[in-house]
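Colleague: Give me a model of this one.
(chains A, B, C and D, ligands or ions: 2)
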Amino acid sequence: MKIGVVTFPGSLDDRDARRAIRVAGGEPVALWHGDATLRGVDAVVLPGGFSYGDYLRCGAIARFAPVMQTVIDRAGRGLPVLGICNGFQILCESHLLPGALTRNAHLHFRNRDQRLRVENTATSWTSGYRQGEEIVVPVKNGEGCFVAAPDVLDRLEGEGRVVVRYADGNPNGSVRDIAGICNDRGNVVGLMPHPEHAVEKLTGPSIDGLGFFTSVLTAAVS
Amino acid sequence: MPRVVVDVMLKPEILDPQGSAILGALPRLGFDGVRSVRQGKHFELEVDEPVDEARLRELADTLLANSVIEEFTLQVMPL
Amino acid sequence: MPRVVVDVMLKPEILDPQGSAILGALPRLGFDGVRSVRQGKHFELEVDEPVDEARLRELADTLLANSVIEEFTLQVMPL
Amino acid sequence: MIDSVQNARDTPDHPQPYSELGLKSEEYHRILDILGRRPTSSELAMYSVMWSEHCSYKSSKVHLRQFGDLPHSEALLVGIGENAGVVDIGDGYAVTFKIESHNHPSYVEPYQGAATGIGGIVRDILTMGARPVAVMDPLRFGPADAPDTQRVLPGVVAGIGGYGNCLGLPNIGGEVVFDDGYLGNPLVNALCVGVMRHEDIRLAKATGAGNVVILFGARTGGDGIGGVSVLASETFAADGPKKRPSVQVGDPLTEKVLIECCLEIFAADLVVGIQDLGGAGLSCATTELSSAGSGGMHVVLDRVPLRDETLAPEEILMSESQERMCAVVRPSAVDSFMEICARWEITATVIAEVNDSGRLTIDWRDERIVDVPPKTVAHEGPVYERPLARPLDLDDLRADDPAHLPRPSTSEELRALLLRMVGSPNLCDKTWVTEQYDRYVQGNTVLAQPEDAGVVRVDESTGLGVAVATDGNGRFARLDPYAGAQLALAEAYRNVATTGARPLAVTNCLNFGSPEDPAVMWQFAEAVRGLADGCRALGLPVTGGNVSFYNQTGDKAINPTPIIGVLGVIGDVARRTPMAFGSVPDEVLLLLGDTYPEFGGSEWAWSEHHHLGGRPPAVDLGRERAVAEVLATAAEEGLVSAAHDLSDGGLAQALVECCLRGCVGADVHLAGDPFVALLSESAGRVLVALAVERLTRFADLCKEHAVPVTELGSVRPDHQTLTVAGQIGVPLSELRTAFTGTLPALFGSG
Ligand SMILES: Nc1ncnc2c1ncn2[C@@H]1O[C@H](COP(=O)(O)OP(=O)(O)O)[C@@H](O)[C@H]1O
Ligand SMILES: [Mg+2]
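Modeller: Ligands and ions are numbered 1, 2, ... in the order given. As a prediction, the model looks like this:
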């Protein structure tokens, strides 16, 4: 199964995301921001980094890349899309996901190993986890504070669309400890923590992140 | 060349940690009497004539501000 | 309560990578005719009366703007 | 009016502001001799900046030669003199690494100064043909509670993070040290490591007449042209030049894109030579490329893309605008080169052509403004044998031994001291700083701070990797610069070995006061001699480095601060040794090395008594080599489960750090004076934990290398306390609170 990873100018974790897909048993395919084509992939990862330097707002410029027009269109028809960190920001800026990511409450970039609780296992990217399972995955961001209007939050909670939540400390001030959410179909997931940095014992705090990439493989096969 | 100024602020209901940090620092620096501080972005654009204000508003609305959390004001400066 | 607006911009001779990145993106988004973009900060303060403008300028100069690379304008808004 | 070569000939007596540009009268006269006429203002600008201390190493050159005279190393592929040295790490891989300083700019504007410091060193590494894979940041600040440190430290840390994180370079280590002398003169040193295949090594030379020179990256603005605007203002009529920026602002997005663009260009084998634009900008790049190359070069300066159209030619030549590179390209490769740049949206312009004239010529508005032999600018600048004088206060300082300082006399006092020490700014947890850095990006970070050395994987299939550590102790170097440099070298070397790697090469950044002060110059000469002798004793080459002079506030110089970086190789990163206790059951604790009552320049004397005096710890490089051999072999054989080197704060600090990192307690028993055992800073020591069944083999190994071993006790996963038999027992929670609370209390918690 082929999973595309988009590289924007300033993407950083694109190679890591491709490695994670490989470790999970998938076939990574590099996608380029300037090409509208998805090269026949079965799912897409928008990786972490600082697309266009994140100068204006994180993800604000990347949202308009040619590849995003296709991603937005295909996501609406069920293509599994995972946005990690900057990818999550791009998904929010694109309105594929509600809410927005703002400056961390403490105003610093923060990199730490973070405990998370998986709250929704019905998405394309989390079906391999157990409901309520706690995992440890790195976070690293300067603008990871999730915000949304109260009614939006209530709807997200009501529909079970909070996918992962910070457990044991909130690293950036996100409302209701939200670390990741999904769209109503569950094919589009965005999260601030970096599962691609938790796929090998040697280089990550755990291998707990692998489940995101193995989940989509089974989701696409079934 | 005509100049266009766009100010983008977080909507009032959204927490502004930068503004709060500044407000918190003021008494320590000996500045009293400031009740609230909000921080936003200020853009200055130089544009060709004739100025198409509607189009510029669209630009501000889609790119310079994120309407989910921000609002903006736009002013075309007199030459 | 009186409102004070401070706009902080990088000095014109200082590189503004943020403005350049926006300018670079505009043609791709189909916006033509913008010649330059500079990005700065916009602060809105609510202050007690009476307004001590000199003191507020000092605040802007020492805290809101980094005088090594930035300059600011300050306006006390009419009530 | 343009000051052309013709004009210079016609107006030989035109007075020139050479002293404003920092040139001595003899130096100016040397230029007249070289050219046989007065220089044009552009030539004067180029000579003045290239002959500055920063670019010419005129005060340090005679000393640094000792590094070049070290015995030949098999591993050294590119030595001192290129942008960065390159070493062979096996399997066809080569690694390049180097440290640079950005001290003064970081004092003026901490965020941008530190950010552009990272940017500069990364371009040096990229220029060698390598993919940058990690950065480190040795930092020095004034007292932690000084008001100006509140301004400088958060800005510097945010700048390093802001730039490095945005480039996608993991930060794998560094140092944060506070000392009074750095208050008006912080040290911001930055190290970068890069990896390439042997065949990808690129050099900074312009060869092949007919090849073209392409300037690519950011546009040129008036950044960092400093004094040269005197010249520019001469060339303007009434209106004068626009104001010039006092501070350079970094654009990490452009640099990130430049990295990817360059790597694609290298992979397509499109460049003959390449040079980054750093200090002295185009002046440096064009003269160095042509001086190192085969002949000459002709530049059409009007082609340089500008950010500021009012720049005068002298200023364009001098601009230090960031994020620019210069490549020498065969004409047949130009189209492919340009295509790659276009794909990355990087501005690229042919500005020059290589020729065999033996001269560097530059035209501006159709007039010749530069015509010089490039070697005289780039490589044959002035060289000084500055006077040296042993500092007058040194004997008094050394005589003031810390032996007379009061020590704890009861176990309660010892316990309280221990808690104060682990919470002191120099010894406390640095997470407040390191959390602001991305350590995970690229997915190859095997060890990062707070481990002894950063370890990154180079090859995913074999596990080949490198370890890097930096160290420096200004107090030791103040008491004895020769020994201080060796102690820094020994510590970095030991840190690398502690993680299980074999040390391979050395880089350095020598931070000193003014070279015009004979006492400073003596410190410098001693430190270089110490480092060169140390490298000889350890069998390591120096691959490059950086000298930063004039680090002083008024006439008060900083403590001499040689920062030494050591790089080592580890065959399989899966065999690395981390520092946390408790990863295997039944661990026993051993101390390698000997402990003496050595407190001169120690952290205890400084943080408890604000005392600096006596002699630094003795150096035994033979012992360091033996300890390193034991540790590397033990890692290969999988004998040790944890190791941590002993340095500032001694054994006490090492025990606390290993227990806290592993969240396990330990029981130790000490022979002799517990104060000395816990707080001495004797060199050549490492704390080791290993499963009890490995003890015999490990003891044999130590015997084989004549490394003394002392049994210290055992790890207690069941017991959350650090216990020193007969002395103290401190719960980990209490240690953790003391250790982690300091920086958040000083700089704000989030
Ligand atoms: N500025 C910094 N940036 C990154 N890592 C740092 C920095 N300062 C300290 N560290 C890391 O914190 C750990 C402890 O630092 P230090 O006590 O100076 O180590 P050592 O005594 O072994 O040199 C090391 O892993 C070091 O690399
Ligand atoms: Mg160490």
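Colleague: State the phi and psi torsions of whichever residue of chain A sits closest to chain D.
Modeller: Chain A approaches chain D most closely through residue A:106 (2.2 Å), counting by C-beta to the nearest C-beta. Every C-beta, even on glycine, is put in place using the N, C-alpha and C of the backbone. Taking degrees, to the nearest 10, you get phi -90, psi 0 for the backbone angles of residue A:106.
Colleague: So which bits of chain A are right by ligand 1?
Modeller: With the criterion set to C-beta under 6 Å from any ligand atom, chain A never comes near ligand 1.
Colleague: Please enumerate the strands of chain A.
Modeller: A:2-7, A:27-32, A:43-46, A:81-84, A:100-102, A:110-118, A:134-141, A:145-147, A:162-166, A:178-182, A:188-191 (DSSP state E).
Colleague: What is the burial count for residue 181?
Modeller: Unless you meant another one, I'm taking chain A. 30 (other C-beta atoms under 10 Å in any protein chain shown).
Colleague: Let me rephrase: I mean chain D.
Modeller: 24.
Colleague: Who are the contact partners of the closest residue to it other than its chain neighbours?
Modeller: Nearest non-adjacent residue to residue D:181, counting by C-beta to C-beta, 6 or more residues apart in numbering or on different chains: residue D:558, 4.5 Å away. Shown in contact with residue D:558 (C-beta atoms under 8 Å, 6 or more residues apart in numbering or on different chains): D:140, D:181, D:182, D:185, D:187, D:474, D:511, D:512, D:513, D:551, D:552.
Colleague: With residue D:613 instead?
Modeller: D:397, D:398, D:399, D:400, D:401, D:402, D:479, D:600, D:605.
Colleague: sorry, back to before: now do the same for the residue nearest to residue D:181: its pLDDT.
Modeller: With respect to pLDDT, residue D:558 scores 97.
Colleague: now the one 5 residues further on
Modeller: The per-residue pLDDT reported for residue D:563 equals 98.
Colleague: Wasn't it part of a helix?
Modeller: No: with DSSP: H, G, I helix; E, B strand; the rest coil as the criterion, residue D:563 is located in strand rather than a helix.
Colleague: Now the helix or strand that residue D:27 is a member of: average pLDDT?
Modeller: Counting by DSSP states H and E, the element that carries residue D:27 is helix D:25-35. For helix D:25-35, the mean per-residue pLDDT is 96.
Colleague: Could you list the contact residues of chain A toward chain C?
Modeller: A:52, A:53, A:55, A:56, A:61, A:64, A:65 (C-beta under 8 Å from any C-beta of the partner chain).
Colleague: and the third one, how many neighbours?
Modeller: A count of neighbours around residue A:55, defined by other C-beta under 10 Å, yields 24.
Colleague: Same question for the second one.
Modeller: One way to gauge burial is a neighbour count; for residue A:53, by other C-beta under 10 Å, it gives 23.
Colleague: partner residues bridging residue D:552?
Modeller: Beta bridges link residue D:552 to residue D:557, judged by DSSP bridges.
Colleague: you'd agree it is up against residue D:516?
Modeller: No: the pair residue D:552 and residue D:516 fails to qualify as a contact (C-beta atoms under 8 Å) at a distance of 10.7 Å.
Colleague: So between those two, which is more surrounded?
Modeller: Neighbours per residue, other C-beta under 10 Å: of residue D:552 and residue D:516, the larger number sits with residue D:552, 17 against 14.
Colleague: Can you classify the residue nearest the centre of chain D by secondary structure?
Modeller: Against the mean C-alpha coordinate of chain D, by C-alpha atoms, centre = their mean, the closest residue is residue D:99 at 2.4 Å. Under the three-state scheme (three-state DSSP), residue D:99 adopts strand.
Colleague: And the helix or strand of chain A with the lowest mean pLDDT, how far out from the chain middle?
Modeller: Across the helices and strands of chain A, mean pLDDT, DSSP states H and E gives its lowest value to helix A:210-221, namely a mean of 87. Computed by C-alpha atoms, centre = their mean, to the nearest Å, the chain-centroid distance of helix A:210-221 equals 14 Å.
Colleague: Might you enumerate the residues of chain D proximal to ligand 1?
Modeller: Close to ligand 1, as judged by C-beta under 6 Å from any ligand atom, chain D has residues D:137, D:139, D:171, D:173-176, D:430, D:433-434, D:449-452, D:471, D:495, D:645, D:647-648.
Colleague: okay, how far is it across stretch D:361-381, tip to tip?
Modeller: Stretch D:361-381 has an end-to-end distance of 19 Å (criterion: C-alpha to C-alpha, to the nearest Å).
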